[in-house]
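A.B. asks: predicted model and sequence follow; I will ask about them next.
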Amino acid sequence: MTENEEQPSGKEKENKKVLVDELWSVFRSTRVAIILLILISATAIMGTLIPQNPSPDQIAGYSEGMRRLFETLNLFDLYHSRWFHALLALLCINLLICSLERLPQVMNQIRLERVAPASGDPERMRLSVGFDVSGTPDDIAEKVRAFLKKAGGRVAEETTGDNRFFLLNRGRYSRFGVYVFHFSIILIVLGALVGNIMGYRGKLVVTEGGATDSFFREGGKGEDEMRLGFTVGCKSFSFFLDPQTDMAQDYTSKLYIQDGEQKVAEPTVMVNHPFKYKGIGLYQASYELRGVQSVTVAVRKKGGAELGRVEVPSGGNPVEIAGGGKLTLLDAVPDPQTQTVIGATIQLDGGDAGKATLELRQGAPAALAGTTRIEIIVRSLADNSEIGRVLAERGEEVPGPGGSKLKVLEYSPNFEVHGKTDSMVQLAVTEGGQTVTHRLFGSFPNFDKMNAPKDRYYQIGEVTEKPPENFSGPYDYSLVGSDGLYATILDVNYDPGVWLVWLGCAGLFVGMGMAFFWSHRKLWVKVSAGRVSVGGQANRNAQAFEMQFRKFAEKFKEFIAQDKNETLRPNA
């Protein structure tokens, strides 16, 4: 330190010491711990009531002022907010200081105290036994020493005048149970903090035959693309449809992991069977249909047997069929729920017989397709007033109200529902980067109103159909299969604090076992001329210890006492 540098004055040092003492006094308070637990519980309730990482539609449900307040306080991503992390950190500090404050007292309690009891005679204790014996004090002391060592525990010995005292100290480390419990809670909270601050969650989408080394972090705004540090490739994806519910089950992704130039693993990831590499977990979440590579069409003689099957590729490439003619795939109809191909539009070039457009559906004969223009009525959810009308052909995307885009995915004039047939339109509405599918019914115009996620709902208006071209060929066609191109959607999870959480959870069980099922037990033995006195005490589980003490006293008496004027004097 140079001459120009000022050393802190004694008063400044004293002020700092006073400040540290005051902070220590605050954080050692049990009241502070209760207040912090109440605040953390209230925060958890808010995190349940307020949607975390909400979609734009969910955010739009709040008023402008409420939305700004929630965003300022980071309530839409509450568990990653700095103030919530601060509450957890303060709880850790409080538990740590409370534990350190009371630790010296416990250390004194577990150390071997002076061997002679405070009362001077074990028979004055609540639990005690005394009996007369014959033999010299040295012989009796030798027997006592042998018996106590055989009983186990730490034995101390002391001679005071003509009396010899022994102390058997057992289970003294059970007093650390509450501290193991406290430090385990601190480890769990620290693990959660480390996971929240350094960890992340996200979605990784990789198409069959493709590979990627990046994913989109959960809670991001589209630009939060992160690198994995290695490449995930998808060799194939498969799933099984439950025939009763028509829901997908048993998603399976066959992946490969490439780190640099080396392929390090080829895992198969299924639901509840994740894969981890470099601490990053990949969990099977979902899938989506990215395209159709081909459809399989069965060709039959009209009213006759099947002649064969032909695979019609996508991309507009025609293939020849038996008996002459060509088939070209124009469009495929996906089912938004199952992400499978349920229909296709095929162009049939019959040469001199002319051309025709065929609509194929699974399990149904082909139908000649005409041109169908469907009117979609857009209404306000608030007052049912008409906002506008839009005309669209199936598969055509057209502008809608409010900057939205509407696309008729499917139209069926004879859709079976509840044992009846009805006209049905499956409509995709894209707005704000998100697409929502609506199902509309002609005889139930308010059906979409019951399920509308925003301020508008949709109805079927007038349907205009142009008759199909006049074409008659010698064959029938049906859709019997498809080869879809799928993308597997994987949850990405990296939590570097999870080992702290697991360690803390294990510590909780150990701490509870030490605190509730183990006790600190002390047994005093006094050997004097012609008499042996025994007393005992435990810091918890008094009733159980009393039974143990009685059994111990009986065995001790049998080992030490002689059959002369023995007395048993329990002081209950």
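C.D. replies: On my side now, so go ahead.

A.B. asks: any chance you could map the helices in the stretch 401-550 of the chain?
C.D. replies: Using DSSP state H, counting those that start in this stretch, the helices found in the stretch 401-550 of the chain span residues 447-451, 498-517, 542-560.

A.B. asks: and of those helices, who's closest to Arg154?
C.D. replies: Proximity to Arg154 (CB to CB) singles out helix 542-560 among the helices of the stretch 401-550 of the chain, at 16.0 Å. Placement of C-beta: from N, CA and C, glycine included.

A.B. asks: next, the angle helix 498-517 makes with that closest one.
C.D. replies: With axes from the mean of the first three to the mean of the last three CA atoms, to 10 degrees defining the directions, helix 542-560 sits at 60 degrees from helix 498-517.

A.B. asks: which strands and helices lie in contact with helix 542-560?
C.D. replies: Packing contacts for helix 542-560, counted by 3 or more CB pairs under 8 Å, 6 or more residues apart in numbering; DSSP states H and E, involve strand 127-132, helix 137-151, strand 521-528, strand 531-538.

A.B. asks: returning to that earlier point: how about TSV for the helices of the stretch 401-550 of the chain, with mean neighbour count and distance to Ile38 added?
C.D. replies: Listed next are those as TSV, based on neighbours: other CB atoms under 10 Å; distance: least, CB to CB, whole Å:
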stretch	mean neighbour count	distance to Ile38
helix 447-451	15	40
helix 498-517	16	21
helix 542-560	15	34
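
A.B. asks: my read is that Thr268 contacts Ile257, right?
C.D. replies: No - taking CB atoms under 8 Å as the definition, Thr268 is not a contact partner of Ile257, at 11.9 Å.

A.B. asks: who's more crowded, these two?
C.D. replies: Each of Thr268 and Ile257 has its neighbours counted (other CB atoms under 10 Å); Ile257 has more, 20 against 13.

A.B. asks: and that one, what element?
C.D. replies: strand 248-259 (DSSP states H and E).

A.B. asks: and that strand, which residues are buried?
C.D. replies: Within strand 248-259, the residues that qualify as buried are Ala248, Tyr251, Thr252, Ser253, Lys254, Leu255, Ile257, counting by 16 or more other CB atoms under 10 Å.

A.B. asks: which of the residues you listed sits closest to Pro117?
C.D. replies: Nearest to Pro117 among these is Ile257, at 67.7 Å by CB to CB.

A.B. asks: show me what the closest one is bridged to.
C.D. replies: Under DSSP bridges, the beta-bridge partners of Ile257 are Val232, Ala265.

A.B. asks: ok, now how distant is it from Thr212?
C.D. replies: Taking CB to CB, to the nearest Å as the measure, Ile257 falls 12 Å from Thr212.

A.B. asks: one more: Lys143?
C.D. replies: Separation of Lys143 from Thr212 (CB to CB): 79 Å.

A.B. asks: what does Gln244 give?
C.D. replies: Counting by CB to CB, the gap from Gln244 to Thr212 is 35 Å.

A.B. asks: and the two? which has more neighbours close in?
C.D. replies: Using other CB under 10 Å, the more surrounded residue of Gln244 and Thr212 is Thr212, with 15 against 6.

A.B. asks: what's the closest non-adjacent residue to the more buried one?
C.D. replies: Closest residue to Thr212 apart from its sequence neighbours, by CB to CB, 6 or more residues apart in numbering: Val206 at 5.0 Å.

A.B. asks: quick one: the one you found is in a strand?
C.D. replies: Yes - under DSSP: H, G, I helix; E, B strand; the rest coil, Val206 sits within a strand.

A.B. asks: quick revisit: ok, residues contacting the strand holding Ile257?
C.D. replies: 206, 211, 229-242, 263-271, 275, 277, 282, 284, 286-287, 338-339, 488, 490 (CB atoms under 8 Å, 6 or more residues apart in numbering).

A.B. asks: centre of the chain versus that strand, how much separation?
C.D. replies: Between the centre of strand 248-259 and the centre of its host chain there is 20 Å, according to CA atoms, centre = their mean, to the nearest Å.

A.B. asks: which residues of the stretch 1-150 of the chain score low on pLDDT?
C.D. replies: Residues of the stretch 1-150 of the chain that meet the criterion pLDDT under 70 lie in 1-19, 112-113.

A.B. asks: at 50 what do you get?
C.D. replies: By pLDDT under 50, the low-scoring segments of the stretch 1-150 of the chain are 1.

A.B. asks: wasn't Gly65 part of a helix?
C.D. replies: Yes - assessed with three-state DSSP, Gly65 lies in a helix.

A.B. asks: residue boundaries of the strands in the stretch 51-200 of the chain?
C.D. replies: 127-132, 154-160, 163-170, 200-207 (DSSP state E, counting those that start in this stretch).
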